[in-house]
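what follows is a predicted protein model with its sequence.
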Amino acid sequence: MTYRQWRGVVLGSLLSVTALTPALAQDAAGPEGEEFSNPPVLGQSTVQPAGTLFQAPVTDTAPAHAGRERVLDLKVTYTEGFIRNPAAGRPDKVKLRSYQGTDVDPNHPFVAPTIQATPGDTVRIRLDNQLPKDPSCIHTDASVNTPHCFDGTNLHSHGLWVSPSGNSDNVLLSINPGVKFEYEYNIPADHPAGTFWYHPHRHGSTALQVGSGMAGALIIRGDRPPTEVSNGDLDTLVKPFPERLLVFEQIPYACLKDGKLKMKTVVKDGQPVEVIDWSCAPGEVGEVISYDQFSPSSWKDSGRFTTINGRVRPIFANAQVGKAERWRLVHAGVRDTINVQFRKMDPKDFLKREKKLAAADENAFVEDVCTGSPVPYIVAASDGLTMATGQVRSDVTLQPGYRNDLLVTFPEDGFYCVVKPPVKAADGVSRVDRGRAILGFVRVKNAQKAVTSAALGGPVEQTVQQLIDNANATYTPAIAKQVVADLKDGIKLTKFVPHKPITDEEVMGQPKQDLVFFINQGPNANGPTKFQVGNQFGIEQSDNGVYGPQGAKAYDPNVVDRKLVLGTAQEWELRSYFVSHPFHIHVNPFEIIKILDPEGRDVSLPGAKERDGTDSQYAGLKGVWKDTLWVKSDNSDPLTSTANPPKGTYQIFIRTRYERYIGEFVLHCHILDHEDQGMMQNVSIGVPDGAGGTAHAHEHGSH
């Protein structure tokens with residue numbers, strides 16, 4: 001698509017935003033603004049799967065949970081397009097690895113189409129790697145933890161409860177250029193409905209591909225109402241609510257010179273150093289080609305913008321005063337921490353100001369324009385799993401890999417800023433204090449001018465009342481009575497929780513799993529840097545003279561680091577001894593038991609504060625089920641002694657069950673460039689051998 005075509009599409013989209021005043025419409029008349037829309041849904045393939053008994057085209061008309069077949073084609077290819085750059089006052093042309101399939105938005109191709117399924121489905125995804133040949137996928141003399149195989153790929157269904165083996169959620173495969181492979185996800189009939197996502201997971205290139213926009217939502221939709229003997233799907237309670245699906249990404253594209261990153265010299269600490277020149281002149285093309293584009297300071301230095309469904313600062317149109325909406329948030333990015341806040345703003349000249357608003361100037365813009373009080377909302381689900389109690393928040397933290405479902409009601413008409421509040425260094429991926437930023441804008445209309453905000457009640461009260469009305473209209477009288485009573489009792493969602501708490505009795509007699517993340521920077525932080533995971537908390541001096549966790553090492557594909565037993569439950573303790581990392585484990589989610597700060601206070605309790613008095617990002621997570629969790633450390637200095645635990649260490653306790661599935665999979669840091677460089681372990685679940693041990697298919701990996 002040419003720039004002229006792209007500009008025409010965006011202009012038409014923006015002018016369709018309803019209820020803009022003439023002045024605002026005039027401000028909007030340019031390629032700088034974009035209207036939000038949900039990502040397109042990946043449609044059924046017209047080509048039948050090989051080796052089946054299908055005699056007619058696959059349809060989507062089978063009854064829910066009847067094992068309907070979904071056959072989807074997904075190509076991996078290079079795509080040219082544009083990403084809006086307000087700081088430059090024009091879009092940047094980019095060429096990125098991307099997913100292509102039915103109904104991909106050609107104007108915003110750098111977000112993958114949504115995959116939808118229901119419990120009981122078989123989802124076949126035919127992955128076709130059309131990227132150019134890459135010799136490093138087949139043979140390389142470099143370490144497996146040196147980024148490589150940038151054009152090899154595979155597929156991970158992040159958060160799904162499916163098998164990790166064979167052609168299911170197997171991330172130990174490499175689908176090399178020119179190879180086609182059919183993944184088959186057999187979604188259990190009892191799988192929770194919720195917000196999940198998918199992305200590449202080929203070790204050595206995961207960050208580079210996800211950072212190119214290769215990520216999409218994976219929504220499991222459920223229509224099971226709660227009964228006297230079983231819990232149901234949250235979908236049935238919030239079905240009347242309009243739904244917005246937001247896939248957040250950070251794409252650190254840089255323009256090239258002679259096929260290499262452009263560099264410039266700057267002075268740091270009195271010394272000249274070479275850094276990436278992030279500027280893109282007209283006619284230049286931005287690409288993601290190097291892990292230098294994923295350094296801790298790269299995202300801040302780049303001046304790039306977090307995209308939502310491929311759009312920079314989109315306008316969310318057609319919200320109505322007093323009408324609750326479901327906002328599904330997916331953090332599919334690599335290099336930034338996202339918080340979401342809604343603040344009423346003064347719309348005067350805001351689009352005119354926003355047209356050339358650089359990332360570095362967003363903090364001042366928020367202070368000047370987004371001056372309303374934060375709108376409270378209900379957090380109803382975390383990582384796709386409905387929470388036992390809806391939590392009233394005015395901002396929620398999403399680390400890479402996180403998902404949250406929000407129930408939002410706007411109290412007044414007008415424009416709202418979608419604000420990212422300040423993030424402290426220890427709470428964020430970039431390891432530096434970050435100011436406020438703008439993620440987008442919401443246009444809210446008052447459909448009933450005679451109804452005032454005060455008459456409707458507060459935003460949370462309005463949402464709860466609509467949930468109560470939905471329950472009474474949807475469920476049998478007995479179930480409705482129970483659901484309504486729970487909603488009135490602190491917004492409890494008891495009848496929609498998919499997992500039971502793990503009791504002390506379940507983990508009794510099972511040894512605790514210990515895990516510690518560590519970045520070994522070498523003597524005096526002079527590298528080579530090693531990204532490591534350990535199974536012991538003791539501290540020792542390593543071969544290069546650096547103090548760190550005993551036995552911590554970088555990823556070894558030929559070693560199974562943790563052997564777990566099917567049918568058991570276990571408690572884990574997570575720590576980090578150098579800066580913070582998001583922990584993610586495949587297959588089975590976990591329940592948060594407690595999170596102790598360096599002073600031993602449980603900051604997972606409702607309303608918990610950090611030591612400096614600010615709200616903790618962990619507040620209210622006690623008892624919540626997740627699959628990805630920030631392991632915080634306030635320590636950003638190399639270890640200098642065997643003091644245990646090191647200063648600033650948080651101790652995180654979780655429990656998990658090993659249910660249904662056996663096989664080998666991984667756990668890792670979800671700062672994906674850390675994972676690609678070694679911050680990962682192999683894990684296997686095996687069957688008991690009858691004598692208390694485990695019968696594993698092999699003692700070592702076979703990759």
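Sure thing, it's come through.

look at the closest residue to Val464 other than its chain neighbours and say how many residues are nearby.
Spatially, and ignoring its direct neighbours in sequence, Val464 is nearest to Leu487 (5.7 Å; Cβ to Cβ, 6 or more residues apart in numbering). Every C-beta, even on glycine, is put in place using the N, C-alpha and C of the backbone. Neighbour count for Leu487, taken as other Cβ atoms under 10 Å: 21.

which stretches in the stretch 51-200 of the chain count as strands?
Applying DSSP state E, counting those that start in this stretch to the stretch 51-200 of the chain gives strands spanning 69-85, 90-100, 115-117, 122-129, 156-158, 180-186, 194-199.

put together TSV for those, with mean pLDDT and distance to Gly458 on each row.
Compiled in TSV, those are given as follows (pLDDT from 0 to 100; distance: least, Cβ to Cβ, whole Å):
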stretch	mean pLDDT	distance to Gly458
strand 69-85	95	35
strand 90-100	96	40
strand 115-117	96	33
strand 122-129	97	41
strand 156-158	98	35
strand 180-186	97	41
strand 194-199	98	26
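
could you list the low-confidence segments of the stretch 551-700 of the chain?
690-700 (pLDDT under 70).

hmm, back to that, tell me which helix or strand the residue nearest to Val464 sits in.
Per DSSP states H and E, Leu487 falls inside helix 477-488.

just Asp405 next, same as before
Per DSSP H and E: strand 403-408 holds Asp405.

check Asp469 too.
Judged by DSSP H and E, Asp469 forms part of helix 459-474.

cool, Arg353 as well?
helix 350-354.

how much space separates the closest residue in space to Glu659 that isn't next to it in sequence from Gln466?
Leaving out its chain neighbours, the residue that sits closest to Glu659 by Cβ to Cβ, 6+ apart is Asn588, at 6.4 Å. Separation of Asn588 from Gln466 (Cβ to Cβ, to the nearest Å): 34 Å.

picking that back up, in this structure the residue nearest to Val464 contacts Gln466, no?
No - counting by Cβ atoms under 8 Å, Leu487 does not reach Gln466; the two are 10.2 Å apart.

need the residues touching each of the two.
Shared contacts of Leu487 and Gln466 (Cβ atoms under 8 Å, 6 or more residues apart in numbering): none.

chain center to stretch 222-237, what's the gap?
26 Å (Cα atoms, centre = their mean, to the nearest Å).

swap in stretch 575-591?
That offset, for stretch 575-591, works out to 14 Å (Cα atoms, centre = their mean).

pLDDT of the strand holding Asp405, averaged?
Taken as a whole, strand 403-408 has a mean pLDDT of 98.

which SSE is immediately downstream of it?
Next along the chain from strand 403-408, counting by DSSP H and E, comes strand 414-420.

tell me what that next one is packed against?
Counting contacts by 3 or more Cβ pairs under 8 Å, 6 or more residues apart in numbering; DSSP states H and E, strand 414-420 is packed against strand 338-344, helix 362-369, strand 437-445.

for Ile187, find the nearest of the ones you listed.
strand 338-344 (28.0 Å; Cβ to Cβ).

output the contacting helices and strands for that closest one.
Using 3+ Cβ pairs under 8 Å, 6+ apart: strand 338-344 touches strand 396-398, strand 403-408, strand 414-420, strand 437-445.

between that strand and strand 414-420, how many degrees?
Relative orientation of strand 338-344 and strand 414-420, computed by axes from the mean of the first three to the mean of the last three Cα atoms, to 10 degrees: 160 degrees.

not counting its own residues, what contacts strand 338-344?
Residues contacting strand 338-344 (Cβ under 8 Å, 6+ apart): 248, 306, 329, 331, 366, 370-375, 377, 394-398, 404, 406, 408, 410, 412, 414-421, 423, 439, 442.

and those, which are buried?
248, 306, 329, 331, 366, 370, 372, 375, 377, 394-398, 404, 406, 408, 410, 412, 414-421, 423, 439, 442 (16 or more other Cβ atoms under 10 Å).

from the chain's centre, how far out does stretch 244-256 sit?
With Cα atoms, centre = their mean, you get 12 Å for stretch 244-256.

and that stretch, average pLDDT?
97.

sorry, back to before: make TSV out of the strands of the stretch 51-200 of the chain and add distance to Thr140 and mean neighbour count.
As requested, the strands of the stretch 51-200 of the chain are exported to TSV (distance: least, Cβ to Cβ, whole Å; neighbours: other Cβ atoms under 10 Å):
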stretch	distance to Thr140	mean neighbour count
strand 69-85	20	20
strand 90-100	19	22
strand 115-117	32	21
strand 122-129	18	20
strand 156-158	22	24
strand 180-186	21	18
strand 194-199	23	24
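
ok, which of the ones you listed comes nearest Met508?
strand 194-199 (30.0 Å).

what packs against the helix or strand that the closest one is followed by?
Counting by DSSP H and E, the next helix or strand C-terminal to strand 194-199 is helix 206-210. Helix 206-210 makes packing contacts with strand 194-199, helix 672-676 when contacts are defined by 3+ Cβ pairs under 8 Å, 6+ apart.

can you give the contact residues for helix 206-210?
Identification of contacts with helix 206-210 by Cβ under 8 Å, 6+ apart yields 97, 147, 150, 153, 199-200, 202, 249, 288-289, 291, 294, 332-334, 672-673, 675-676.

got it, and stretch 476-489?
Counting by Cβ under 8 Å, 6+ apart, 225-228, 237, 464, 467-468, 471-472, 474-475, 492-495 sit against stretch 476-489.

chain center to that stretch: distance?
32 Å.

what residues sit buried inside that stretch?
Applying 16+ other Cβ under 10 Å to stretch 476-489 flags Ile479, Ala480, Gln482, Val483, Val484, Asp486, Leu487 as buried.

tell me the two of the residues you listed that are most distant?
Ile479 and Leu487 (12.5 Å).

tabulate the helices and strands packed on helix 206-210 (a markdown table), appending distance to Asp361.
Listed next are the helices and strands packed on helix 206-210 as a markdown table, based on distance: least, Cβ to Cβ, whole Å:
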| stretch | distance to Asp361 |
| --- | --- |
| strand 194-199 | 31 |
| helix 672-676 | 27 |
